[in-house]
Each structure stands twice: as C-alpha cells, then as structure tokens.
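Asker: take a look and give me a structure for this.
(one chain, ligands or ions: 1)
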Amino acid sequence: MALAFDFIIIGAGTSGCLLANRLVNARTRPSVLLIEAGGRPEGDTLRAPFHRWTPAFTRPDLDHGYSTVPQKELNDRCIPYARGKGLGGSSILNFAVYLYGSKEDYNRWAELVGDDSWRWEETKERFKRIENYDTSTAHKYSKYADPRAEDHGQEGTVDISIPVDLEKGSEAYLDALLNLGHPLNLDLNSGNPIGVGVFPSSYSRQGRTTSATAHLESPPSNLTIWTENKVARLLKNGKKIVGVEVDDGRKASSFKDVIVSAGALDTPKLLLLNGIGPAAELKAHGIEVVHDLSGVGKNLRDHILAFICAEVDTDLTERYAFESNADSVRDAQQLWNESRSGPMAHHNGTLAGGFFKDPHLEEYPEFQALPKDIQQYLSKPTVPASEITGCAALFPPGSQLSPNSGYLSIVTFLMNPQSEGEVTLRSANPQDTPVIDFKYMEHPYDRKVMTEAVRNTVDFFQDSDLKKHIKRFVFAPESRSHEDVQKFLKDAVGTVWHAHGTAKMGRPDDPMACVDTAFRVFGVEGLRVVDLSVAPVTTNNHTQPTAYLIGQKAAEVMIKEYGL
Ligand SMILES: Cc1cc2nc3c(=O)[nH]c(=O)nc-3n(C[C@H](O)[C@H](O)[C@H](O)COP(=O)(O)OP(=O)(O)OC[C@H]3O[C@@H](n4cnc5c(N)ncnc54)[C@H](O)[C@@H]3O)c2cc1C
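Answerer: The predicted structure is shown next:
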C-alpha cells in the first residue's frame, strides 16, 4: 500500500528544501515527503570560501552533468551544464553570490502575472524572512560596503554575509572602477544594483550555506526524506495528480499536492514525461496527453558570461602563489577543518564588481526592435545592461603563470538576455537526459549588448589604474575592435547556470503560462511547480536568491490557502 503524505515535494534543491522546511514547521505540522535524486553531500571541499569554485568542477557525483546541444552562435560548441544533485541541489555547486536584483524585476513580475504581492515592497520583506544576514563586518571597509542591518533579515534560515576582510587586490580593483566614474553602491541588495561594490555571499563563518544545511539539519518527525531516488511517474486519477512513483518502485500518495521542484531542466522533463505539455511533442514520443500546455519546456532563459584573464604583478595580488602550492593548500585545509580559520576562510572570499547601465543602449537598433514594454523595462534607472565580477578564478583553469605573478580574472555578464531556448524530451524513456537548447547569443540584442560590455571590460584592463599591474593577457580578445570581440565571444561565451522560465507563471489568458500565481499547474489538479522554472522574468542577479524567494512565496501561499 502506498504511504500517504499531505504534500510530496520532488527535488530537494534550493527552492524545494526551503519549501519543505516552511511547510513542516507550519502551525498544523502537515506531513511532507521530500524526494531527492542525489544523496547526502559529504567531503572536504564543500564549505570553505576557498572552495567557492571547487564543487562545480570536481564533484561529478553531485552533478547531473548535462550538456546543451551545439550552440549555433558559439561555433557549434556544446556547453556543459552543471545541475546540483543531492540534498541542496544547485546550492551545493553554486558560487555563493547572493544578490536580489533590481526592484523593477519584481514590479515587472507582478505586472506580467497580475499579482501585486510580487511587487518590490512585499518582495523586500519576503527576502528578510528568508535570510540571516550578517552585515557586522562592513565597518572594516565601509568605504566600499555599508549595508544597514535593518534593511535585511536576521531571523531567517539562509546565512548571508559580506566578507570578513577584503582580499589583497580588491581595494585597488574597486578604486580603479570608481576612478573611471562608476558610482559606488554601498548595498548592492537595496533594490538598486547599479554601481560598484562588494558582493554578499551565502556564507556564514562556518562557510557555505546550502539549502540543505539551512533547512534540513534536524528534520522534524513530520518530514520524511527519500534520497537517491528519482521520480519518473506521477500517479493520476483523470486530471488529478494523486501521488508519485520513484525509481525503486515505491509509491506515495498525497492528500493535498504534489510539488515539482526539480529545477528548470528536470521539471519540464517530468511534466512532459507525464503528459503535461505541448500535445504535438507528446504525441511524437507516444506519450498520452493529459493536458495540452504549450509553455512547458519553452521560454528557457539564462544569463551568459565571458572571462577575461590577465597575468599581473604580485603588488596587486598573490593569490596564484598560494593556490599553486599544494603544501600550503593542504595545510590550510587542515586548519579550516580544525578551526574554520586560516587562508581558506578568506581566499576566494571576496567577490566585488558591479552592475552597469549602457549609456548608448537606447540608440542601438537591436534595442529599438524590442517590444515597447521590454524597452520601457530595460530603460528603468535600476535595470542594468551588464555586470562584472572581479577576483574570479584563474581562467582557463590550469593556466601556467610565472612564480612571481598573480592573476586578475574579470567576468562580464549579460543582463536581460533576449535569446529564448527550450527543453524537450529525447524520448519517452525517463533515463534519457533532456534535450537542452538555450540558443545562446541568437538574439541580436544579446550579441550587441554583450559585445559592448566586453569591450568595456577590455578597456578597464587597458585604461584604468590597473594597467600598471598587467603583464600580459592570458585570455582576451586580440583587440577591442568589434570584429575581434565578436570572434572572441564565439569561443568565450559560457553559461552562468541560471536556467529558468520553462514552466512560467502567468495570467490564465497567457497561452505560454504554465502555472498560476499560486504555483498551480494549469489544467490539472493537485500539482504545483515551485522552482526557477516558474520565473517569468530574468531577474538581474545570480539566481539562487530568486529560487529561495520562489520557495518562500509558495510556502506562504500554500500555508494561507490550506490554513496550515
Ligand atoms: C555551477 C553553478 C554556479 C552558480 N553560481 C551561482 C551563484 O554564485 N549565485 C547564485 O545566486 N546562483 C548561482 N547559480 C544558480 C543557482 O544555484 C540556481 O539557479 C538555483 O540553485 C536553482 O534552484 P532550483 O531550486 O530551481 O533547482 P535546483 O537547486 O537545481 O534543485 C533541483 C533538485 O531537484 C533534484 N531532481 C531533479 N530531478 C529529479 C527527479 N526526477 N526526482 C527527484 N529529484 C530530482 C535535483 O537533484 C536537485 O536537487 C549557480 C548554479 C550552478 C550550477
């Protein structure tokens, strides 16, 4: 006989763990089954700030390890696509940047879905309920960061902080940006990200916070967790979803809802496999149509990035000397394991950079060709065109520098990309990976704005106060000409792993909308989607805060709806 729970959540990722936590702690203590494809992550490299970049590239056991189809505008390259697998989902692998985006992102979200509770004023309060935000270290470098404690939450579950100390080189880099005339932004999480500042991270002094460390550490008795089990089949009674079947054949039924939180690639895959999606696509794979829903798997969006890396003198930074010395790294790991201190608490702890408007944006024909409502949104004063992050990892990884050198990597990100891709089924076999096509850089707006943004980054290396430190470029366009930058981008553009939008929230009369504002899947009963798939807007941030926000908002909606 199937076990029965009030709620079944498929996917213990960033949104899913938070949602489970909020539901099981609601007043009436509903029973929740949380099912995760991966296991319980363990290992030395999962927590220290030093390992900001490590898990994504060294832990295939914690990664679904997807790849895109060849991307036409990127020299037909297939882009490897990391997706966290294990309790915590992609918050295990991510780079811990914690930024809200622009207040206009949430105002636009509210307009698109027809629900004012998504507007910034409410969203800001919702972020406070998510986080335990440590601003106490700002006094050490208040010239560059000065977030006010009262603007952030201290009683939530997700630990956020700004670095305890700025790494060597950060101040010179920030000064160089400020001297070019970029505005200073003392709190990038104020709803206005424009300007230059120090990035907050999802770290406490114990290191990385994942959604599992934040939400599953001591699960109450009304929370049941099944790990290393994938859901492939939703159990149906007509158009009502009544439960799930997992890989090993176990079944569970739900009194209230099955909630899909499998992330923006696996959520549409699961819906499609179970007959919810575009009818023609389902029929082509011999899948019985439960509900013809055109938007499932469509509207796939992502941010893109390009690294520029230079070998620099050690007056600017000595990070290479430390990283390339295996003995120092081993000793530092031991110190971190024993006392959560030493070089691993600081190295890679600082990310700094900023969000920029493009002063010429409105003159570009590629901008003028966009629908008017998108133009208006992009023109708002707090909506950036691009982002840069300095103090990033050596790129390409493994590059050899001379022993008395350091390196400076600056990553340029395109905000508001307009290219739209899709996730489709390879076959009706649940074991097959989804077909993922982002169509990166296919929209002319993306090519234009990314080209200009990367040219500005090259200028920054060559014309700013940093110039005196630069020895040579390790990875960069041959020149700052349009042609050379475009040629470079074909080889250099990669993903930021911010996939979203594949089961987007929207008004009932939007033919591409998949869920309503209560996260209920249109056309079927007892089924909700709660993860980045539902995002109808590409928020101007790195997307883990948006995933947490979605989990928090869904919990509040469901607790109210059911009087939990
Ligand atoms: C390498 C990398 C770096 C990133 N860096 C940053 C950053 O610095 N800052 C930032 O803000 N964002 C970053 N992101 C993005 C951010 O982490 C993600 O957008 C966010 O975590 C996605 O949350 P989610 O809940 O939608 O999905 P996920 O967290 O991916 O959760 C989905 C979960 O569902 C499970 N699952 C999937 N299918 C099934 C199934 N059939 N049955 C059971 N379980 C299933 C998965 O194993 C996973 O645990 C990064 C992401 C990656 C991969």
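
Asker: Asp315: neighbouring residues, count only.
Answerer: 12 (other C-beta atoms under 10 Å). C-beta here means a position set from N, CA and C on the backbone, and glycine is covered the same way.

Asker: what distance do you get for it to Tyr407?
Answerer: Using C-beta to C-beta, to the nearest Å, we find Asp315 at a distance of 13 Å from Tyr407.

Asker: ok, now which ones touch the residue in the stretch 301-450 of the chain that the ligand sits nearest to?
Answerer: Nearest residue of the stretch 301-450 of the chain to the ligand (C-beta to the nearest ligand atom) works out as Pro430 at 7.7 Å. Pro430 sits next to Lys230, Ala232, Arg233, Leu273 when contact means C-beta atoms under 8 Å, 6 or more residues apart in numbering.

Asker: now with 7 Å?
Answerer: By C-beta atoms under 7 Å, 6 or more residues apart in numbering, Pro430 lies in contact with Ala232, Leu273.

Asker: that one belongs to a helix?
Answerer: No. Pro430 is assigned coil when assessed by DSSP: H, G, I helix; E, B strand; the rest coil, not a helix.

Asker: quick one: list the elements packing against the host helix or strand of Arg108.
Answerer: Here Arg108 is covered by helix 103-113, with elements defined by DSSP states H and E. If contacts are counted by 3 or more C-beta pairs under 7 Å, 6 or more residues apart in numbering; DSSP states H and E, helix 103-113 sits against helix 120-130.

Asker: past the helix it packs on, which element shows up next along the chain?
Answerer: Once helix 120-130 ends, the next helix or strand along the chain (criterion: DSSP H and E) is strand 131-134.

Asker: what's stretch 324-343 in contact with?
Answerer: Contacts of stretch 324-343 (C-beta under 7 Å, 6+ apart): Asp44, Ala48, Phe50, Arg205, Gln206, Gly207, Phe322, Glu323, Met344, Ala345.

Asker: where in the protein is pLDDT low?
Answerer: In the predicted model of the chain, residues 1-2 satisfy pLDDT under 70.

Asker: give me the number of residues near the closest residue to the ligand within the stretch 351-500 of the chain?
Answerer: Nearest residue of the stretch 351-500 of the chain to the ligand (C-beta to the nearest ligand atom) works out as Trp497 at 3.3 Å. By other C-beta under 10 Å, 21 other residues sit near Trp497.

Asker: wait, is it part of a strand?
Answerer: No. Under three-state DSSP, Trp497 falls outside any strand and is assigned coil.

Asker: which stretches of the stretch 1-150 of the chain form helices?
Answerer: Under the criterion DSSP state H, counting those that start in this stretch, helices of the stretch 1-150 of the chain are mapped to 14-24, 54-58, 90-93, 103-113, 120-130.

Asker: can you put these in TSV and add mean neighbour count and distance to Asp531?
Answerer: As requested, the helices of the stretch 1-150 of the chain are arranged in TSV below (neighbours: other C-beta atoms under 10 Å; distance: least, C-beta to C-beta, whole Å):
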stretch	mean neighbour count	distance to Asp531
helix 14-24	29	4
helix 54-58	17	19
helix 90-93	27	10
helix 103-113	22	15
helix 120-130	18	15
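
Asker: the ones you listed: which one's closest to Arg40?
Answerer: In terms of C-beta to C-beta, the element of the helices of the stretch 1-150 of the chain nearest to Arg40 is helix 90-93, at 10.4 Å.

Asker: got the contact list for that closest one?
Answerer: 13-14, 41, 46, 55-56, 62-63, 82-84, 86, 210-211, 263, 544.

Asker: cool, stretch 369-376 as well?
Answerer: Against stretch 369-376 from outside (C-beta under 7 Å, 6+ apart): Phe367, Gln418, Tyr445.

Asker: for that stretch, buried residues please.
Answerer: Within stretch 369-376, the residues scored as buried using 16 or more other C-beta atoms under 10 Å are Leu370.

Asker: please shift the residue numbers so they start at 455 in all later answers.
Answerer: In the new count, where the first residue is 455, that last one comes out as stretch 823-830.

Asker: distance from the chain centre to that stretch, please.
Answerer: Distance of stretch 823-830 from the chain centroid (C-alpha atoms, centre = their mean, to the nearest Å) equals 25 Å.

Asker: distance of Asn548 relative to Pro797?
Answerer: From Asn548 to Pro797 the distance is 22 Å (C-beta to C-beta).

Asker: who has more neighbours, those two?
Answerer: Asn548 (25 against 21).

Asker: who in the stretch 655-804 of the chain is up against the ligand?
Answerer: For the stretch 655-804 of the chain, the residues in contact with the ligand (C-beta under 6 Å from any ligand atom) are Lys684, Val685, Ser715, Ala716, Gly717, Ala718, Asp720, Leu724.

Asker: switch the cut-off to 5 Å
Answerer: Residues of the stretch 655-804 of the chain lying close to the ligand by C-beta under 5 Å from any ligand atom are Lys684, Val685, Ala716, Gly717, Asp720.

Asker: can you check the chain too?
Answerer: So far as C-beta under 5 Å from any ligand atom goes, the chain lies against the ligand at 465, 467-469, 491-492, 510, 536, 538-539, 543-544, 547-549, 551, 684-685, 716-717, 720, 951, 985-986, 996-998, 1001.

Asker: please narrow these to those residing in strands.
Answerer: Cross-referencing the residues of the chain next to the ligand against strands under DSSP state E gives Val685.

Asker: for the closest residue to Val523 other than its chain neighbours, what are its contacts?
Answerer: What sits nearest to Val523 in space, not counting adjacent residues and going by C-beta to C-beta, 6 or more residues apart in numbering, is Asp891, at 4.8 Å. Neighbour list for Asp891: Thr522, Val523, Gly875, Glu876 [criterion: C-beta under 7 Å, 6+ apart].

Asker: what about the third one, how many neighbours?
Answerer: This means Gly875. Counted by other C-beta under 10 Å, the residues lying close to Gly875 total 23.

Asker: equivalent analysis for Ile730, please.
Answerer: By the criterion of other C-beta under 10 Å, Ile730 has 29 neighbours.

Asker: I'd guessed it sits against Ser748; true?
Answerer: No. Using C-beta atoms under 7 Å as the test, Ile730 is too far from Ser748 to be in contact (11.0 Å).

Asker: okay, helices next: where are they in the stretch 805-954 of the chain?
Answerer: In the stretch 805-954 of the chain, the segments counted as helices under DSSP H, counting those that start in this stretch are 819-822, 826-832, 898-917, 936-946.

Asker: which residue sits closest to whichever residue of the chain sits closest to the ligand, ignoring its sequence neighbours?
Answerer: The chain approaches the ligand most closely through Gly467 (1.7 Å), counting by C-beta to the nearest ligand atom. Leaving aside its sequence neighbours, Gly467 sits nearest to Gly543 (C-beta to C-beta, 6+ apart; 2.2 Å).

Asker: that neighbour and Ala466, how far apart?
Answerer: In terms of C-beta to C-beta, Gly543 sits 6 Å off from Ala466.
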